[in-house]
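A.B. asks: no FASTA, just this:
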C-alpha cells in the first residue's frame, strides 16, 4: 500500500483519530477508568457483605431453634428478636419470624404469636412449604384466641399452599369449622381431605369427624 493509499485508508484514519482523542483527553479517560474500578470494588464489597450477613443470620437462627427445641422459649424469643433487628432482610428472616411465633405461642401469648406468624407470611418468598407453615401457625394462634372460623380459613390456606401436610391441614380446617358451628363447611373440607389422602393414612381420623358431623345433624 502506497503512502497516498495509507493517508486515504478510512480504517487507519479512525485509528489515528482515536489516538489523537486519547492523547487530548487522557485525564478524563483515567478518571473514567477510576470510576469504573470504584464501582466494581463497591459491588464486590456489597456482595461479600451480603454473604456474611446471610451466614451470620443462619447461625443466629440455628442457635435460637436449638433453644426452642430444648424448651428455652424465652431465650429463643430474645435471640430471634435480636436476629431480626440486625438481619431482618436476609433469607433466614422468614424462618426466624416463624420460630418466633412458635416461641411466643409456647409461652401462651397468642396475640403476639399471631403478629409474628403474619410477619412470617410476608417473608416466605417462593417457599411454598414455609408459607404453609406460617399459615398453620396463624391458625393455631387464632384457635387459641377462640377465633375458630378464621382458624379454619388459615388451616385451609396452609393446605392450599403446601403439599407435605395437606391432609392434616384440611382435617384441622374441618375440625375448627365444626367447632365453630359450621358442619356443612366441615364436611366439604373432610371430603377434600379424603380425596387428597391417596394412601388412606388418615382414613380413621376423617371417619371420626364425619361421624361427629352426622351426629350433629338434626333427626
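C.D. replies: In hand now; what should we look at? This one's a predicted model, so the numbers in the text were calculated from it and none came from an experiment. Residues are numbered from 1 along each chain as shown.
A.B. asks: And the helices in this protein, which stretches?
C.D. replies: Secondary structure of the chain (DSSP state H): helices at 3-8, 10-24, 26-69, 73-87, 93-106, 110-121, 128-144, 148-161, 166-179, 183-196, 203-216.
A.B. asks: okay if I get those helices as a markdown table plus mean pLDDT and mean neighbour count?
C.D. replies: Every C-beta, even on glycine, is put in place using the N, C-alpha and C of the backbone. Output for the helices of the chain, formatted as a markdown table (pLDDT from 0 to 100; neighbours: other C-beta atoms under 10 Å):
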| stretch | mean pLDDT | mean neighbour count |
| --- | --- | --- |
| helix 3-8 | 47 | 9 |
| helix 10-24 | 48 | 10 |
| helix 26-69 | 64 | 13 |
| helix 73-87 | 92 | 18 |
| helix 93-106 | 93 | 24 |
| helix 110-121 | 95 | 21 |
| helix 128-144 | 95 | 23 |
| helix 148-161 | 96 | 22 |
| helix 166-179 | 96 | 24 |
| helix 183-196 | 94 | 19 |
| helix 203-216 | 88 | 14 |
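A.B. asks: how much space between the residue nearest to the spatial centre of the chain and residue 77?
C.D. replies: Centroid-nearest residue in the chain: residue 124, 1.2 Å away (criterion: C-alpha atoms, centre = their mean). Noted for residue 124: a distance of 20 Å to residue 77, by C-beta to C-beta, to the nearest Å.
A.B. asks: per-domain residue ranges of the chain.
C.D. replies: Domains of the chain are assigned by automatic domain parsing as 32-109, 124-219.
A.B. asks: gap between the longest one and the chain center?
C.D. replies: Think domain 124-219. With C-alpha atoms, centre = their mean, to the nearest Å as the basis, domain 124-219 stands 22 Å off its chain's centre.
A.B. asks: With stretch 87-99 instead?
C.D. replies: Distance of stretch 87-99 from the chain centroid (C-alpha atoms, centre = their mean) equals 8 Å.
A.B. asks: likewise stretch 90-109?
C.D. replies: When distances are taken as C-alpha atoms, centre = their mean, stretch 90-109 is centred 12 Å away from the chain's centroid.
A.B. asks: Contacts for it next, please.
C.D. replies: 53-54, 57-58, 60-61, 64-65, 68, 73-74, 76-77, 80-81, 83-84, 87, 110, 112-114, 116-117, 119-120, 123-125, 127, 130, 133-134, 137, 140-141, 144 (C-beta atoms under 8 Å, 6 or more residues apart in numbering).
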